[in-house]
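1. below: sequence and its predicted model.
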Amino acid sequence: MRIDYVETGKIIASLTEGETDDVALMATVVCELHHADERFDWTGFYRVVAPELLKIGPYQGGHGCLVIPFSRGVCGAAARTGDVQRVDDVDAFPGHIACASSTRSEIVLPVRNGSGDIIAVLDIDSDQPAAFDAADAEGLARILGDVFGRL
Ligand code: SME
């Protein structure tokens with residue numbers, strides 16, 4: 001099953017209508033995303049909790065590492081640069097942090113609030129190589145903007 005970002009976005013919008021608690025929003029987003037696509041083996045947020053520091057937030061899948069400095073990993077790169085990181089082969093990404101040995105590809109997007117500040121990153125891991133394309137980046141970014149742009 002492959003995600004329909006428009007339909008999933010509508011479901012998330014309905015479930016989160018009027019909500020402004022970031023943890024509740026994150027928990028709902030990862031739940032709906034994770035179960036919408038068989039490519040998504042780990043779906044979760046890492047929150048900006050201090051300058052240059054990420055800490056795990058709501059997620060679905062196996063355990064994830066708790067703390068990631070901006071200097072490390074795919075998540076750190078997304079938080080540091082503010083750019084989407086689409087990694088076709090995690091073994092070729094310098095400094096990739098492997099929370100599961102089965103992960104082959106990954107996409108990480110910065111999450112911005114209504115002021116444009118990066119408050120978190122969304123990390124999705126897949127056991128399939130090159131699992132993510134530009135349509136995934138666009139669809140995920142739209143959902144993140146709709147949900148967290150209200151904060
Ligand atoms: N792979 C990520 C770390 C988070 S675990 O995958 C859940 C990274 O390199 O930043």
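-> On my side now, so go ahead.

2. can you tell me which residues in this structure are near the ligand?
-> Contact residues, the chain versus the ligand (C-beta under 6 Å from any ligand atom): 42, 64-65, 68, 73-76, 96-97, 99, 106, 123, 125. In short, each C-beta sits where N, CA and C put it, glycine included.

3. hmm, try it at 8 Å
-> 42, 44, 46, 56, 59, 61, 64-65, 68, 72-77, 90, 93, 95-100, 103, 106, 108, 123, 125 (C-beta under 8 Å from any ligand atom).

4. now name the helix or strand holding the nearest residue to residue 1 once chain neighbours are set aside.
-> Excluding the flanking residues, the one nearest residue 1 by C-beta to C-beta, 6 or more residues apart in numbering is residue 38, at 5.5 Å. Assessed by DSSP states H and E, residue 38 sits outside every helix and strand.

5. residue 28 too?
-> Using DSSP H and E, residue 28 falls in helix 22-34.

6. which strands or helices does that helix pack on?
-> helix 5-16, strand 42-50, strand 53-60, strand 118-126, helix 134-148 (3 or more C-beta pairs under 8 Å, 6 or more residues apart in numbering; DSSP states H and E).

7. right, and the ligand sits closest to which residue of this protein?
-> residue 73 (2.5 Å; C-beta to the nearest ligand atom).

8. re the thing from before, what is the mean pLDDT for the helix holding residue 28?
-> Averaged across helix 22-34, the pLDDT comes to 98.

9. C-alpha coordinates for it, CSV please?
-> This file holds the C-alpha atoms of helix 22-34, laid out as CSV (Å, rounded to 0.1, in the frame of the first residue of the first chain):
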residue,chain,number,x,y,z
ASP,A,22,2.9,19.8,19.7
VAL,A,23,3.2,16.4,21.2
ALA,A,24,-0.4,15.5,20.5
LEU,A,25,0.1,16.7,16.9
MET,A,26,3.3,14.8,16.5
ALA,A,27,1.7,11.6,17.9
THR,A,28,-1.2,11.8,15.5
VAL,A,29,0.9,12.6,12.4
VAL,A,30,3.3,9.7,13.0
CYS,A,31,0.5,7.3,13.6
GLU,A,32,-1.4,8.2,10.4
LEU,A,33,1.8,8.3,8.3
HIS,A,34,3.3,5.1,9.6
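
10. residues in contact with that helix: which ones?
-> Outside helix 22-34, the residues within contact range by C-beta atoms under 8 Å, 6 or more residues apart in numbering are 3, 8, 11-12, 15-16, 19, 40, 43-45, 47, 57-61, 119-120, 122, 124, 140, 143-144, 147-148, 151.
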